[in-house]
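1. sequence? don't have it. structure:
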C-alpha cells in the first residue's frame, strides 16, 4: 500500500494531508514534526481517510521534512557519477557519508538563492528516505525488514557550491547554504509489499527544460539497507530523519581523471586549485540566476510518484 501525503499551510495553520489527484484531505491531529507524524501514521487509516478535501492549488505546500530532523547524505553512489567525479569505482569500495545543515531544507518549489560568493552552483537530484523509527544501537537491516525502518520517500535536490566544497574541502559548508535543500513536494508512505519499488524508480532532472540527469535507483551502489546497517553502528537516528541516497551522473562539476589528479598532486596547492577553478569556469552547465530546475522521481507504473520540484535560481540580494 502506498499513500502520498503533504505537509501544508492553510489559513495560517500547518497540517498534514493525504493527496488524491489535485486535492488534499486533512489528517486529524497535531503533528509538529516529521517524526511525530510518521510515528503515528497508519497506512490503512490514511488510505481510508474521509472528509472535506481542499484544492491542492490553494494551499502552500511545505517541506515534509521539518528542521529538527537530521539531514544525512550519501556521496558518489551511482557508478557513472563516481567516474565523472574523478573517483575510480573499482577502487572506492567505501560508502561516502556527509551531512547538510537542516536549516537549508526548504519547500519543493522554493527559489534557490545563489550566494554572492558562489560562482559554481550545481544541482543533484536524489531519492530521499524518511526514517520510520529511532535507531539507537547497531541493527542488521536487510531488504526484507527495511520497511520496519523506512517510512517513505521524497525528492531531494542537493544543491552544491562546488567552489566551496572542493577547493576548501568543505562538504558541509559547500552544501548547506540556506535554500540548498529543497525537499518534497510529496512524501510517499509505503509498507513491506511496496519496498521493492525503491529499486525501480526513475530520477530525472531538467534545467530550462533540457534533461541533465536521468537514471534509475536500480543503479545505486550502496543500497538503503546496507547503508542504514553501517550507519546504525556509528550514530543515532530519530524517526523522521532524512537520508539522501546520492545523485546520478550529469552534474555540472567536471573533475580530472584519477591519473590527472595524481599529476596535479605534484603541483603546489595554490596552483592546483587555480587550475581547478579555471576548468570549472569553462563549464556552461553551472546554474545561473534565471535558470529553472525541475526534478521528478517516479516508478514506471506511476504507483509511487513523488511529484515535481521546480526551483528558480536567483541571485543573493
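-> Noted; the coordinates are in hand. Computed from a prediction, not measured in an experiment: that's the story for all the values here. Numbers count the residues shown, from 1 in each chain.
2. could you list the low-pLDDT ranges of the protein?
-> Applying pLDDT under 70 to the chain flags the ranges 256-266.
3. state which helix of it is the longest.
-> Counting by DSSP state H, the longest helix found in the chain is helix 269-281.
4. buried ones in that helix, by neighbour count?
-> 272-273, 276, 280 (16 or more other CB atoms under 10 Å). (C-beta placed from N, C-alpha, C; glycine too.)
5. and stretch 222-238, how far out from the chain's middle?
-> Centroid separation between stretch 222-238 and its chain, computed with CA atoms, centre = their mean, to the nearest Å, is 16 Å.
6. stretch 242-261 now?
-> Centroid separation for stretch 242-261 versus its chain: 15 Å, with CA atoms, centre = their mean.
7. picking that back up, give me the sheet partners of the next helix or strand after the longest helix of the chain and which way each runs.
-> Following helix 269-281 in sequence order, the next helix or strand is strand 292-299 (DSSP states H and E). Using DSSP bridges, the strands paired with strand 292-299 are strand 201-207 (antiparallel), strand 305-315 (antiparallel).
8. sorry, back to before: what's the longest helix of the chain packed up against?
-> helix 162-165 (3 or more CB pairs under 8 Å, 6 or more residues apart in numbering; DSSP states H and E).
9. and the contacts of the helix it packs on?
-> Contacts to helix 162-165, defined as CB atoms under 8 Å, 6 or more residues apart in numbering, come from residues 117-122, 170-171, 173-175, 252-253, 277, 280, 286.
10. run the chain-centre distance for the longest helix of the chain.
-> Put simply, helix 269-281 sits 28 Å off its chain's centre (CA atoms, centre = their mean).
11. same check, this time on stretch 292-303
-> 13 Å.
12. which residues sit against that stretch?
-> By CB under 8 Å, 6+ apart, stretch 292-303 touches 2, 112, 123, 125, 127, 153, 155, 157, 194, 197, 200-209, 287, 304-313.
13. equivalent analysis for stretch 31-38, please.
-> Residues from elsewhere that reach stretch 31-38, judged by CB under 8 Å, 6+ apart: 5, 7, 14, 16, 27, 40, 64-66, 68-69, 130-132, 151-152, 189, 238-241.
14. most centrally placed residue in the protein?
-> Nearest residue to the geometric centre of the chain (CA atoms, centre = their mean): residue 156, 2.4 Å.
15. list the contacts for that residue?
-> Neighbours of residue 156 in contact, by CB under 8 Å, 6+ apart: 125-128, 181-183, 242, 244.
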